[in-house]
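[1] fold the following for me, if possible:
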Amino acid sequence: PQYIEDVVSTYGVDDYKFLTSLPGAGNWGNSLGESRLKVVEKVIDSGVLPNNILEIGAGSSWIAKKLQEKYNPDTYVITDPALKEVSGKIEIIRDYFPSPKTLDRRFDLIMGFNVLEHVPDPVLFLANIRKNLTRNGVVILIYPDCETQMLSGDINGVIHEHLTYFTEASSRWLASTCGFEIRS
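    All right, here's what the predicted structure looks like:
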């Protein structure tokens with residue numbers, strides 16, 4: 001449908017403005033970034049030392065720089081149509097995932113923070129992630145659980161840029177349908 005194309009195409013325009021402060025852009029954004037970093041560090045410190053990392057829809061390279069500095073992976077790739085910065089050892093692909101530039105590449109760790117709710121087809125999105133994942137690779141996706149808001153009738157969780165809404169049950173179904181095991 002046209003409205004989905006309209007929403008998706010807005011992320012690639014040069015003057016796109018994020019609704020939420022990004023990590024590196026202020027206290028609120030940094031606190032969100034720190035919470036995401038803790039999740040990633042917990043996974044890595046549990047024995048998943050990634051050589052190749054893919055971050056989807058990063059918005060900024062703030063998390064990438066922190067992980068690059070601490071773990072020094074061989075490659076760190078960000079795919080994001082709205083990201084305009086250039087960042088040394090971090091490869092930035094200004095495109096949507098999946099990008100033709102990552103089709104034949106494999107990653108030990110693939111991350112997406114507040115991305116899944118913005119994609120038109122979450123099943124296809126996860127199928128493409130699976131194609132880019134190494135055999136023992138790990139995927140970290142963080143996105144809103146809207147069940148409490150929806151059950152209480154709170155429509156503040158309905159945002160014009162969100163194309164899909166998830167509950168824990170629908171998240172488990174999605175992961176299982178796409179062949180993923182949920183660790184937490």
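
[2] any low-confidence regions in this protein?
    Along the chain, the parts satisfying pLDDT under 70 run over 1-4, 6-22, 24-25, 87, 147-151, 154-160.

[3] again, only this time at 50
    For the chain, no stretch has pLDDT under 50.

[4] and the helix or strand hosting Val40, what's buried?
    When secondary structure is defined using DSSP states H and E, the element that contains Val40 is helix 27-45. In terms of neighbour count (16 or more other CB atoms under 10 Å), helix 27-45 has its buried residues at 29-30, 32-33, 36-37, 40, 43-44. Using the backbone N, CA and C atoms, a C-beta is placed for each residue, glycine as well.

[5] got it, and stretch 93-101?
    For stretch 93-101, the buried set under the neighbour-count rule, 16+ other CB under 10 Å, comprises 93, 96-99.

[6] counting by contacts, list what the helix holding Val40 packs against.
    In this structure, helix 27-45 packs against helix 62-71, strand 107-113, strand 133-142, with contacts taken as 3 or more CB pairs under 8 Å, 6 or more residues apart in numbering; DSSP states H and E.

[7] export it to PDB, keeping only CA atoms.
    Backbone C-alpha positions of helix 27-45 (Å, rounded to 0.1, in the frame of the first residue of the first chain) are rendered in PDB as follows:
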ATOM      1  CA  ASN A  27      21.200  12.900  27.800                       C
ATOM      2  CA  TRP A  28      18.000  11.000  26.800                       C
ATOM      3  CA  GLY A  29      19.600   9.500  23.700                       C
ATOM      4  CA  ASN A  30      22.700   8.600  25.600                       C
ATOM      5  CA  SER A  31      20.700   6.800  28.300                       C
ATOM      6  CA  LEU A  32      18.900   4.800  25.600                       C
ATOM      7  CA  GLY A  33      22.300   4.000  24.100                       C
ATOM      8  CA  GLU A  34      23.800   2.900  27.400                       C
ATOM      9  CA  SER A  35      20.900   0.500  28.000                       C
ATOM     10  CA  ARG A  36      21.400  -1.100  24.600                       C
ATOM     11  CA  LEU A  37      25.200  -1.300  25.200                       C
ATOM     12  CA  LYS A  38      24.600  -3.200  28.500                       C
ATOM     13  CA  VAL A  39      22.400  -5.800  26.600                       C
ATOM     14  CA  VAL A  40      25.100  -6.200  23.900                       C
ATOM     15  CA  GLU A  41      28.000  -6.400  26.400                       C
ATOM     16  CA  LYS A  42      26.100  -9.000  28.400                       C
ATOM     17  CA  VAL A  43      25.700 -11.200  25.300                       C
ATOM     18  CA  ILE A  44      29.400 -10.600  24.200                       C
ATOM     19  CA  ASP A  45      30.700 -11.200  27.700                       C
END
